[in-house]
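[1] Predicted structure and sequence below. I'll ask about it afterward.
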Amino acid sequence: MSSSDAKITEAELENDLGPRRVYSTSPSAPSRMPAFASVLAVIAILYFGKEVLLPLAIAVLLTFALAPISSRLRKLGMPRIPAVIVTVVIAFLVLVLFGLVVAGHVAEVAQNLPAYQGNIIAKIRSLQESGTDSGIVRRLTSVVESVGRELSNAEQRPGAPGTGSRPREPVLVEIFAPSRPIETLTSLIGPLLGPIASLGLIIVVVIFMLLEREELRDRFIRLVGYGDLHRTTEAIQEAGSRVARYLLMQLVVNCAYGVPLALGLWAVGIPNPALWGMLAIVLRFVPYIGPVIATVLPLFLAFAVDPGWSLVLWVGAIFLVLELTSNNVIEPWLYGSRTGLSPLAIIVAAIFWAWLWGPVGLVLSTPLTVCLAVLGRYVPQFEFLEVVFGSDPVLDPKERLYQRLLAGDPDEATDYAEEFLEEDYLEDYYGKVAIPALLLAEKDRRRGVLTAEQMEQVFGTAITLVSNLAEIAQEEEQEEEEEQKEAAGRPSHPKEGNGDESELPDGRGKTVFCVGGRGPLDDASAAMLAQILQVQGAEVVAARHSDIPNRRAMSLVPKQSNAIVVCFLNEDSTRHATILVRRFKRIYPAIRVGAVLWVENQKERQPPALGEADFVATTLTSAAREALADAPPSLVTTARKIRTRRSSNKTGIAAARSGI
């Protein structure tokens, strides 16, 4: 084989399969291993340095939350330092008072718990006597009774007279008296030193971060993104606004939940209702787990306080009403999906940060994950973070539909289509999503990765999708009829006759024949075009490419047809389209015959000329307009070329007989 033959063969393969370089992976593509190694290093640093990093993380998030308040005070005319100090003092005073109130209520509940043990035992025994013969109930009864005995023994032990306890008291006093005050002071102050030191560190860091906020921003830009100030500035602003908005909206939502909860529990008679409302406000910052804990504690207290079951039912009803109201009214109104995180990402982030930093990490999981998602959006090396954690779809609508067509799942494809059609029309869905999805399938076919069985599966799934959307098509057809009745006195063609693509012509009284050009994918596109024409009121007959291999199959075309439309997804099918259009024109010279060479973006190129074709379209809207147009068909000449093709092996004899 010569080198010229090899070049010709390679060129032919490139024409058939398309340019392979578009689909090949570049050998110089950057590896993701450095980013993965960086992530592992960051996780190790966060885990082993949590004693230092945890207070800093809390301080950063508090800075995000308090920065809008400080900025508002400065806009009101207060100097920078007083505005920051007032903001921090008010915030931490609120937190301290909140903690003191909660601690006081917790101590009161702990003192009253022994008085409720009788009700608990009585209810468990009533459950056991009601016919439940399970060993679990017996074990619960024994556990509660043993706990009650231990509590009563602990109360009687200091005041109970006994001879065995007196000899031990002098020994304890004489031996440990000199060192007991110091040990007592150490045991009291020691556990408080860590939290007090952390709290002081957080307060100091928050103050300095609020004072030096602009300076820290500039230093971060110089360190990380000096080469792209625009992108870095957008990342900082988005991270700050999203975290601050999340914390503020979550606080508002939690207060809108906790205050009515406290009032409701107070109305039904639950002890310490303010405690449970305040705990609900705090615990609901913990995703998914916090609301459950906030619900279980008051329910258990209602179970212990009331000898009957009415109080438990009332408390359960209160939580049910509040959850429904919060999830369906308050959160969509105030909060919505402002974090930009998917629900699964929030759960995974909660598990990860709880493992990394314990209960505090669980509370901070959502704000920290928001910052990671913003980092992934603006830093190319960490784009996978936005893909993993973000709530935005990672695939375009056309790619999602193509994936469902490949998987043979028409139900999910129909669900996606119905979501799209809540705001747009069927013409928009087919033109912007479905036809581009078929173009993706055609690209895969050209590069040899889509088998014949897969093409048939894509065709079958697409036809099922079109069938599932028939009801929506009928509704749109009825709307078109109503609009036509209302506009009976006006022309029903494009608005004001200016060719506006926002309105298609009226198809009532017209018949159109739609057929695929070369394969099952073309057949699917023809079925979609046929449904759009039906919406306009036209009678449409759709056929597959395999139905027209010869002249005898041409009888499928209705005699009263106004137009014949042949659909091609392969943009290089102009030669085949020319032949097929010419064949239809020879058989049906009184019918307009055209071809549709689908393209995703009609502005990129003009449709090619196809010789005898009455029209050539590239989009769904233009194809529907041409198929329903009232223009007369173009006249064709005699079938000289057909006679030449029949005697192609005897060209010289045919030419001599015809006198040429």
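    That came through fine. Numbers count the residues shown, from 1 in each chain.

[2] Okay, helices next: where are they in the stretch 201-350 of the chain?
    213-224, 229-268, 273-283, 289-305, 310-325, 343-378 (DSSP state H, counting those that start in this stretch).

[3] so which of those helices is the most packed in?
    Per-stretch averages of neighbours, counted by mean count of other Cβ atoms under 10 Å, single out helix 273-283 among these, with a mean of 22. Yep, even glycine has a C-beta here, placed from its N, CA and C like the rest.

[4] average pLDDT across that helix?
    Taken as a whole, helix 273-283 has an average pLDDT of 85.

[5] what does stretch 43-58 give?
    Rounded mean pLDDT across stretch 43-58 is 84.

[6] Please identify the buried residues of that stretch?
    46, 50, 54-55, 57-58 (16 or more other Cβ atoms under 10 Å).

[7] ok, and what's touching that stretch?
    Here stretch 43-58 makes contact (Cβ atoms under 8 Å, 6 or more residues apart in numbering) with 198, 201-202, 205, 356-357, 360-361, 364, 368.

[8] Could you export those as JSON lines, including distance to G594 and pLDDT?
    Formatted as JSON lines, these follow (distance: Cβ to Cβ, whole Å; pLDDT from 0 to 100):
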{"residue": "S198", "distance to G594": "76", "pLDDT": "77"}
{"residue": "L201", "distance to G594": "76", "pLDDT": "82"}
{"residue": "I202", "distance to G594": "72", "pLDDT": "84"}
{"residue": "V205", "distance to G594": "71", "pLDDT": "86"}
{"residue": "L356", "distance to G594": "64", "pLDDT": "87"}
{"residue": "W357", "distance to G594": "66", "pLDDT": "85"}
{"residue": "V360", "distance to G594": "68", "pLDDT": "82"}
{"residue": "G361", "distance to G594": "64", "pLDDT": "83"}
{"residue": "L364", "distance to G594": "63", "pLDDT": "82"}
{"residue": "L368", "distance to G594": "58", "pLDDT": "82"}
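
[9] Quickly name whichever of the residues you listed is closest to L113.
    V360 (27.1 Å; Cβ to Cβ).

[10] Make sure C514 is indeed in a strand.
    Yes: counting by DSSP: H, G, I helix; E, B strand; the rest coil, C514 is part of a strand.

[11] if we can go back for a sec, right, and the helices of the stretch 201-350 of the chain - which one's nearest P410?
    Using Cβ to Cβ, these put helix 343-378 closest to P410, at 25.1 Å.

[12] which element follows that closest one toward the C-terminus?
    helix 383-389 (DSSP states H and E).

[13] so what secondary structure elements neighbour that following helix?
    helix 343-378 (3 or more Cβ pairs under 8 Å, 6 or more residues apart in numbering; DSSP states H and E).

[14] mind checking how far the helix it packs on is from the chain centre?
    17 Å (Cα atoms, centre = their mean, to the nearest Å).

[15] coming back round to it: mind checking which of the buried residues of stretch 43-58 land in helices?
    Per DSSP state H, helices hold the following members of the buried residues of stretch 43-58: 46, 50, 54-55, 57-58.

[16] Check those residues against R242 and report the nearest one.
    For these, the residue nearest R242 by Cβ to Cβ is A57; the value is 16.1 Å.

[17] Check the gap between the closest one and C371 for me.
    10 Å (Cβ to Cβ, to the nearest Å).

[18] same question, V296
    31 Å.

[19] coming back round to it: redo the helices of the stretch 201-350 of the chain as CSV? Include distance to L521.
    Below are the helices of the stretch 201-350 of the chain laid out as CSV (distance: least, Cβ to Cβ, whole Å):
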stretch, distance to L521
helix 213-224, 47
helix 229-268, 40
helix 273-283, 54
helix 289-305, 49
helix 310-325, 47
helix 343-378, 34
